[in-house]
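**Student:** Sequence first, then the predicted structure:
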Amino acid sequence: MSQVSYGKWILGGLGWAFGGPIGAILGFVMGSAFDSMHSGEFEYQTPGTETGTRPGDFRVSLLILAAAVMKADGKLLKSELEFIKAFFNQNFGVTQTKNYMHAFRDILKQEIPLQDVCLQIRSHMDLHSRLQLIHFLFGIALSDGKAHPTEVSVIEDISRWLNITKADFESIKNMFVKNTDSAYKILEVEPSASDEEVKKAYRAMALKYHPDRVSHLGEEFQHAAKEKFQKVNDAWNSIKKERNIS
């Protein structure tokens, strides 16, 4: 697939990121696709003309952040690219993955101003979509079954720059990196919390992570959102069994 072709494909699905650090990164990727903007071959919606995060915005943000996480340890392995490809295939389908992987390989060649990128995403993306980004990044980082400290550290930096609370970060992290208190951390309560406090926390987290919160991103995101929601339910069921809560 030519650079023009996949550049057009990405730009056509992008709602707000044309400009700023993300626009600079994509400028390298798209190349001569900019010429097609003026040929009337497709429409581009400029920032500010619509509200909310479109699926294209989310996918491009995920590509850039995933590249930053992969480069965290100073190594780019073929196996990691295969993990990314498999991850995108599972969540976004084969056709879309083929297009995005072309762009992803070019994004990996660039220096990513990570904090600036995160601040741009933060200013345009709702909280629930940002939480879903962090969930995806942990899925990618742990796709080889290992929690590499450098990758987890980069995801923590991304989380902070996206204005995600420490409690929310730890909640999502403990869905992937288990320890003795993981169920409590997923629900964002201490093990010393009362049964009523745990129940209240579960209800709050069930609302926060309900798949309907990211329905605006499209059907392909519902599977991952449901997985996150199920982990909240699993944490609640684990604590219920431990405490014999009826």
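**Tutor:** Right, received. Where do you want to start?
**Student:** all contacts plus neighbour counts: C-alpha atoms, from now on.
**Tutor:** Noted.
**Student:** And the closest residue to K231 other than its chain neighbours, how far from D106?
**Tutor:** Among residues not flanking K231 along the chain, M175 sits closest, at 6.5 Å (Cα to Cα, 6 or more residues apart in numbering). M175 sits 31 Å away from D106, going by Cα to Cα, to the nearest Å.
**Student:** So those two - more neighbours on which side?
**Tutor:** More crowded of M175 and D106, by other Cα atoms under 10 Å: M175, with 23 against 16.
**Student:** wait, the more buried one sits on I186?
**Tutor:** Yes. If you go by Cα atoms under 8 Å, M175 and I186 touch, sitting 6.7 Å apart.
**Student:** shaky segments in the protein?
**Tutor:** 1-19, 28, 30-56, 220 (pLDDT under 70).
**Student:** Recalculate using a threshold of 50.
**Tutor:** Regions of the chain meeting the criterion pLDDT under 50 cover residues 1-4, 8-9, 12-13, 15, 32-51.
**Student:** top helix in it by residue count?
**Tutor:** Looking across the chain with DSSP state H, the single longest helix is helix 222-243.
**Student:** residues in contact with K75?
**Tutor:** Residues near K75 by Cα atoms under 8 Å, 6 or more residues apart in numbering: none.
**Student:** Mind telling me what element it is part of?
**Tutor:** K75 is part of no helix or strand when elements are defined by DSSP states H and E.
**Student:** And for V198?
**Tutor:** Taking DSSP H and E as the definition, V198 sits inside helix 195-208.
**Student:** who does that helix touch, helix- and strand-wise?
**Tutor:** helix 222-243 (3 or more Cα pairs under 8 Å, 6 or more residues apart in numbering; DSSP states H and E).
**Student:** Can you name the element that comes right after the host helix or strand of L81?
**Tutor:** Element membership of L81, judged by DSSP H and E, is helix 78-92. Sequence order places helix 94-107 as the next helix or strand after helix 78-92, per DSSP H and E.
**Student:** now what about the helix holding V198, what contacts it?
**Tutor:** Helix 195-208 is contacted from outside by H128, L187, E188, V189, F229, V232, N233, W236, I245, using Cα under 8 Å, 6+ apart.
**Student:** Could I get the CA-only coordinates of it as CSV?
**Tutor:** Output in CSV follows, covering the C-alpha atoms of helix 195-208 (Å, rounded to 0.1, in the frame of the first residue of the first chain):
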residue,chain,number,x,y,z
ASP,A,195,-18.3,-4.1,53.5
GLU,A,196,-20.5,-1.1,52.8
GLU,A,197,-17.5,0.9,51.6
VAL,A,198,-16.5,-1.9,49.3
LYS,A,199,-20.1,-2.2,47.9
LYS,A,200,-20.1,1.6,47.3
ALA,A,201,-16.7,1.4,45.6
TYR,A,202,-17.9,-1.4,43.3
ARG,A,203,-21.0,0.4,42.2
ALA,A,204,-18.9,3.5,41.4
MET,A,205,-16.3,1.6,39.4
ALA,A,206,-19.0,-0.4,37.6
LEU,A,207,-20.4,2.9,36.4
LYS,A,208,-17.0,4.3,35.5
